[in-house]
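Visitor: Next input, structure requested:
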Amino acid sequence: MKPIGKVICATGVVAGLIAFFWKDDFNPESLSGARVLVTGASAGIGEQIAYHYARFGAEIVLTARREAVLQKVMEKCLTLGAKKIFYIPADMSSPSEPEKVIQFAVQKLGGLDYLVLNHIGTNRFQEWTGDVDYTRWLLQVNFLSYVALATAALPTLEKNRGALVVVSSLTGRMPTPFTTSYSATKFALDGFFSSLRHELIMQKRDVSVTLCILGLIDTDSALEYTRYVFVCRKTSLLESMQKNAQQLCLRGVCLGREQLPGHTAGAVHCGTGAEPVGSVCPAQTPDWL
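Guide: Below is the predicted model of the structure:
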């Protein structure tokens, strides 16, 4: 075969593989009646994820610190079509809160099919000042509470062949200035849950682990970062970023495989139990800056 023929054949094979793996067979009906717990559900990505599950008729438990805001999110979820909706205020800086939240969700819903971990503590966008106490607090909120929630939920998730969803950040893959403590918590998430995914596969335990790596999204915390570092205006960012990111995460979880968008303005990668080794798509990293 001539060289040009080999190139054409190779191109055809690659195109076929891409078409096969990128086939979007997401079935919205699979989420009807699904039992979901969403943390950090009072604003940003967590709020949008809650609305998305509600549109598909899921049964949802919401948790965050601000009860008044949770009530408003709950009311909107009902109007969007949630079959059941409950909320429980919780401060994840307290080591005792994660187990209470899981117990509440299991009691209200009878079990869990999806656990979406999304909450974060307030990030100080500044150079490292040596504040170890703040770093210790942030590790509790952004990392240790995730571990505690996942540990408490694993029995019910395994029983229901469920999914564990961890919303993380590119700062957990790419060190960035002015985010020393925050970045450390995200690196910890990546290491722990990527390792846990491997162990669950080795143990043949039917729980998928999806690590959603998001770039710059139009949330209050991201805008604060851009104001501090780039002094840019809110109007320079697309308000649709939050919705694009949560849709990508949800599809990646339901499809049980990597889900990469054509352009998501920061939503980069969803690694699941179907692919043991997670990776960031280099072509998407410019969206982060």
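
Visitor: per-residue confidence averaged over the helix or strand harbouring Gly46?
Guide: Using DSSP states H and E, Gly46 sits in helix 44-55. For helix 44-55, the mean per-residue pLDDT is 94.

Visitor: Who are the packing partners of it?
Guide: When contacts are defined as 3 or more CB pairs under 8 Å, 6 or more residues apart in numbering; DSSP states H and E, helix 44-55 packs onto strand 35-39, strand 59-64, helix 67-80, strand 114-117, helix 241-255. (C-beta placed from N, C-alpha, C; glycine too.)

Visitor: Just the CA trace of it, in PDB.
Guide: C-alpha atoms of helix 44-55 as PDB (Å, rounded to 0.1, in the frame of the first residue of the first chain):
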ATOM      1  CA  GLY A  44     -22.900  28.100  41.600                       C
ATOM      2  CA  ILE A  45     -22.300  24.700  40.100                       C
ATOM      3  CA  GLY A  46     -24.100  22.800  43.000                       C
ATOM      4  CA  GLU A  47     -27.200  24.800  42.500                       C
ATOM      5  CA  GLN A  48     -27.200  24.200  38.700                       C
ATOM      6  CA  ILE A  49     -26.600  20.500  39.200                       C
ATOM      7  CA  ALA A  50     -29.600  20.300  41.600                       C
ATOM      8  CA  TYR A  51     -31.800  22.000  39.000                       C
ATOM      9  CA  HIS A  52     -30.600  19.600  36.300                       C
ATOM     10  CA  TYR A  53     -31.500  16.600  38.300                       C
ATOM     11  CA  ALA A  54     -34.800  18.200  39.200                       C
ATOM     12  CA  ARG A  55     -35.700  18.600  35.500                       C
END
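
Visitor: Next, the angle strand 59-64 makes with that helix.
Guide: 160 degrees (axes from the mean of the first three to the mean of the last three CA atoms, to 10 degrees).
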